[in-house]
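A.B. asks: Quick one, structure for this:
(one chain, ligands or ions: 2)
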Amino acid sequence: MVQPYRHEPLTDFTVEANREAFLAALKKVESELGRDYPLVIGGERVMTEDKITSINPANKAEVIGRVAKATKELAERAMKTADEAFRTWSRTSPEARADILFRAAAIVRRRKHEFSAWLVKEAGKPWREADADTAEAIDFMEYYGRQMLKLKDGIPVESRPGETNRFFYIPLGVGVVISPWNFPFAIMAGTTVASLVTGNTVLLKPASATPVVAYKFVEVLEEAGLPAGVLNYIPGSGAEVGDYLVDHPRTRFISFTGSRDVGIRIYERAAKVHPGQIWLKRVIAEMGGKDGIIVDKEADLELAAQSIVASAFGYSGQKCSACSRAIIVEDVYDQVLNRVVELTKQLNVGDPAEQATFMGPVIDQGAYNKIMEYIEIGKQEGRLMTGGEGDDSKGFFIQPTVFADVDPNARIMQEEIFGPVVAFAKARDFDHALEIANNTEYGLTGAVISRNRANLEKARHEFHVGNLYFNRGCTGAIVGYHPFGGFNMSGTDSKAGGPDYLILHMQAKTVSEMF
Ligand SMILES: NC(=O)c1ccc[n+]([C@@H]2O[C@H](COP(=O)([O-])OP(=O)(O)OC[C@H]3O[C@@H](n4cnc5c(N)ncnc54)[C@H](O)[C@@H]3O)[C@@H](O)[C@H]2O)c1
Ligand SMILES: N[C@@H](CCC=O)C(=O)O
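C.D. replies: Ligands and ions are numbered 1, 2, ... in the order given. Next comes the predicted model:
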């Protein structure tokens, strides 16, 4: 019998044995850097001349790996392979499919620190963030495996005398999974295994900044017993391979996580029916955020400051859930702002491979340049309280940055920066704070720090975000506990890690028999 689902605990690094195990994993990964990785199509390893070079964002000179790059021709081969494999995989029992996820979770759990060490190196995640990313990947496998077992026989419907009605779910077909670099393990693995466990075959195109950890995961699924051709690994250019697969008439669904602009592009392109296409493609899109924390005048102000700092600067603010707007009721504005500045100045920024580091680099030169441009804009739009400096000589480091007195309509209050920058806005009262919080085209996460029950209840209904948190920060959703996804330009509100997520990857069928 399958044990009830519990989320994977985070590692306590104050325990010496854990610390040593993590250091050993980092050493192991360091000894494996710089290798070449092929595409995987139908279980076959395919090397290409042109490669994606994955580097350590904390040390540009360190090559993590060189990964083969799919062309349209190779993408087409992968599509044919996945289409062929669908015939058998879609008829494989849900129990057998779920077992592969459980086995893969066990393999990753045994190699947990090794996976986290790859995340430290390839994504620039500090230990705690890397550990959380790996734990979440394990959670997705454990949770979706169990969800599939719950859904495998469908949902009971009524039958009249002499009639038996059944309502159940069948797989869709070939899914294109396009994942981001910021949760290069958890989101890549979660979107992939949700598609697989529901009986679909997959073409996985991971983000070009983090393809090595994705390759390592493909190996795990193979070891867990996934048949060849069911998952095909085809990193490549978003514009070339991405567009080609999104447009492909045999693509049945697209599971995309990434930016607003790419999400819109995919949504629009997927709507077009191409010659030979006999279905309307389904799009699951998880996009950006411009998330805010509201602090009420009756509130634990220390909790408020700690929550803002952790949510704004965890993984250098590179979370779709990151707090980039702090909306403070005027009675407590100065107190909260000053405490946030004080805490921010204490943050340890540096090499994520060092245990003491709270914040590492941003992901690449493009991100560095974009964030530094926003910091310049912020200097015009607000009062720079701390940070504002960057250094890209060795890696892509930016100081955690706080701007005060920002107009709610300013660009740094409206546009997703995706870096360690938080803007403070002053609200007249709680209603005004809610108005400012909702003044965005996004709607992903938000938090309210308050002791006022009436205000919390008002926020419950009027703060328009997919994930709303009370008296805590706005990052760190846990699979199975906080189903995750947002409104409006944050995507299709396809709640990852939630009880209705798998259904998005299937189609329902009704069979009615008369006796
Ligand atoms: N809502 C969520 O759950 C969630 C989670 C993580 C990240 N995000 C968002 O992701 C963004 C950061 O990730 P990113 O920089 O990797 O995003 P991105 O949109 O630049 O890239 C995401 C993926 O899309 C691919 N891509 C690019 N162009 C494409 C095209 N034309 N066709 C198909 N695929 C294409 C990329 O190669 C990558 O694999 C942020 O906006 C963040 O808020 C959202
Ligand atoms: N699920 C993560 C965010 C994922 C996007 O970057 C969180 O809840 O912080």
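A.B. asks: Could I get the buried residue list for stretch 98-109?
C.D. replies: Burial within stretch 98-109, assessed by neighbour count using 16 or more other Cβ atoms under 10 Å, is assigned to A98, D99, I100, L101, F102, R103, A104, A105, I107, V108, R109. No exception for glycine: its C-beta is placed from N, CA and C like everyone else's.
A.B. asks: what's the spacing between that stretch and its chain's center?
C.D. replies: The chain centre lies 20 Å from the centre of stretch 98-109; the measure is Cα atoms, centre = their mean, to the nearest Å.
A.B. asks: Please tell me I have it right and K121 contacts D351.
C.D. replies: No: K121 lies out of contact with D351 (Cβ atoms under 8 Å); the separation is 10.6 Å.
A.B. asks: does ligand 1 sit close to stretch 249-262?
C.D. replies: Yes: using Cβ under 6 Å from any ligand atom, we find that stretch 249-262 touches ligand 1 at T257, G258, S259, V262.
A.B. asks: Distance check, E330 against ligand 1.
C.D. replies: Taking Cβ to the nearest ligand atom, to the nearest Å as the measure, E330 falls 30 Å from ligand 1.
A.B. asks: so that residue makes contact with K426?
C.D. replies: Yes: using Cβ under 8 Å, E330 is in contact with K426, at 5.1 Å.
A.B. asks: and the two? which has more neighbours close in?
C.D. replies: K426 (20 against 13; other Cβ atoms under 10 Å).
A.B. asks: I'd like the next helix or strand past the host helix or strand of the more buried one.
C.D. replies: Element membership for K426 (DSSP states H and E) is strand 421-427. Sequence-wise, the next helix or strand downstream of strand 421-427 (DSSP H and E) is helix 430-438.
A.B. asks: Past that next one, which element shows up next along the chain?
C.D. replies: Heading C-terminal from helix 430-438 (DSSP H and E), you reach strand 445-449.
A.B. asks: Report the rounded mean pLDDT for that next one.
C.D. replies: Averaged across strand 445-449, pLDDT comes to 99.
A.B. asks: Not counting it itself, show me its contacts.
C.D. replies: For strand 445-449, contacts defined as Cβ atoms under 8 Å, 6 or more residues apart in numbering pick out 289, 291-296, 299-300, 303-304, 307, 311, 320-321, 323, 437, 455-456, 459, 463, 465-475, 477, 486.
A.B. asks: run the last query once more with 6 Å
C.D. replies: 291-295, 299, 303-304, 321, 437, 459, 463, 465, 467-471, 473-474 (Cβ atoms under 6 Å, 6 or more residues apart in numbering).
A.B. asks: Now the very next helix or strand once past that strand: buried residues?
C.D. replies: As assigned by DSSP H and E, the chain's next helix or strand after strand 445-449 is helix 453-462. Within helix 453-462, the residues that qualify as buried are N455, L456, K458, A459, counting by 16+ other Cβ under 10 Å.
A.B. asks: mind checking how far helix 453-462 is from the chain centre?
C.D. replies: Taking mean C-alpha positions (Cα atoms, centre = their mean), helix 453-462 and its chain are 28 Å apart.
A.B. asks: by contact count, what packs against the next helix or strand after it?
C.D. replies: Scanning forward in sequence from helix 453-462 by DSSP H and E, the next helix or strand is strand 467-470. Strand 467-470 sits against strand 445-449, with contacts defined as 3 or more Cβ pairs under 6 Å, 6 or more residues apart in numbering; DSSP states H and E.
A.B. asks: tell me the contacts of S179?
C.D. replies: S179 sits next to I187, M188, T191, P206, T257 when contact means Cβ under 6 Å, 6+ apart.
A.B. asks: The third one against F256, yeah?
C.D. replies: No: proximity of T191 to F256 does not meet the contact threshold set by Cβ atoms under 6 Å, at 8.4 Å.
A.B. asks: the helices in the stretch 101-250 of the chain, which residues?
C.D. replies: 112-123, 127-151, 186-197, 211-223, 243-247 (DSSP state H, counting those that start in this stretch).
A.B. asks: re earlier: who's in contact with the strand holding K426?
C.D. replies: Strand 421-427 is contacted by residues 312, 324-327, 329-330, 333, 337, 382, 401-404, 406, 408, 412-413, 433, 436 when judged by Cβ under 6 Å, 6+ apart.
A.B. asks: Partner strands of the host helix or strand of A508 and their direction?
C.D. replies: Element membership of A508 [criterion: DSSP H and E] is strand 506-514. The partner list of strand 506-514 in its sheet, established with DSSP bridges, is strand 163-171 (antiparallel).
A.B. asks: what angle separates the partner strand from helix 186-197?
C.D. replies: Strand 163-171 and helix 186-197 are oriented at 140 degrees to each other (axes from the mean of the first three to the mean of the last three Cα atoms, to 10 degrees).
A.B. asks: what residues does the stretch 401-515 of the chain put near ligand 2?
C.D. replies: For the stretch 401-515 of the chain, the contact set with ligand 2 under Cβ under 6 Å from any ligand atom comprises T475, G476, A477, F484.
A.B. asks: ok, the residues you listed vs E268, which is closest?
C.D. replies: Of all these, F484 has the smallest distance to E268: 24.3 Å, by Cβ to Cβ.
A.B. asks: Run through the residues that contact the closest one.
C.D. replies: N467, A477, A496, G497.
A.B. asks: ok, for it, nearest residue in space, not its chain neighbours?
C.D. replies: A477 (4.2 Å; Cβ to Cβ, 6 or more residues apart in numbering).
A.B. asks: Could you pull up phi and psi at that neighbour?
C.D. replies: The phi/psi pair for A477 (degrees, to the nearest 10) reads phi -60, psi 140.
A.B. asks: While we're on A17, how confident is the model there?
C.D. replies: 98.
A.B. asks: Which helix or which strand is home to it?
C.D. replies: Per DSSP H and E: A17 is located in helix 16-30.
A.B. asks: Pick out the residue in the stretch 251-400 of the chain sitting closest to ligand 1.
C.D. replies: The nearest approach of the stretch 251-400 of the chain to ligand 1 comes at G258, 2.6 Å away (Cβ to the nearest ligand atom).
A.B. asks: Enumerate every residue touching the nearest residue to that residue once chain neighbours are set aside.
C.D. replies: In space, and not counting its chain neighbours, G258 is closest to P180: 4.7 Å by Cβ to Cβ, 6+ apart. Residues in contact with P180 (Cβ under 6 Å, 6+ apart) are A207, T257, G258.
A.B. asks: so what's G199 up against?
C.D. replies: Applying Cβ under 6 Å, 6+ apart to G199 gives the contacts S90, P171.
A.B. asks: go on, F115?
C.D. replies: T134.
A.B. asks: and the stretch 401-515 of the chain, which of its residues are near ligand 1?
C.D. replies: E416, F418, L444, G486, S490, G491.
A.B. asks: Tabulate these (JSON lines), appending distance to Y143, neighbour count and secondary structure.
C.D. replies: Below are these laid out as JSON lines (distance: Cβ to Cβ, whole Å; neighbours: other Cβ atoms under 10 Å; DSSP: H, G, I helix; E, B strand; the rest coil):
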{"residue": "E416", "distance to Y143": "28", "neighbour count": "23", "secondary structure": "coil"}
{"residue": "F418", "distance to Y143": "27", "neighbour count": "23", "secondary structure": "coil"}
{"residue": "L444", "distance to Y143": "20", "neighbour count": "29", "secondary structure": "coil"}
{"residue": "G486", "distance to Y143": "20", "neighbour count": "27", "secondary structure": "coil"}
{"residue": "S490", "distance to Y143": "22", "neighbour count": "29", "secondary structure": "helix"}
{"residue": "G491", "distance to Y143": "20", "neighbour count": "28", "secondary structure": "strand"}
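A.B. asks: Around ligand 2, which positions in the stretch 101-250 of the chain sit nearby?
C.D. replies: Neighbours of ligand 2 within the stretch 101-250 of the chain, by Cβ under 6 Å from any ligand atom: N182, F183.
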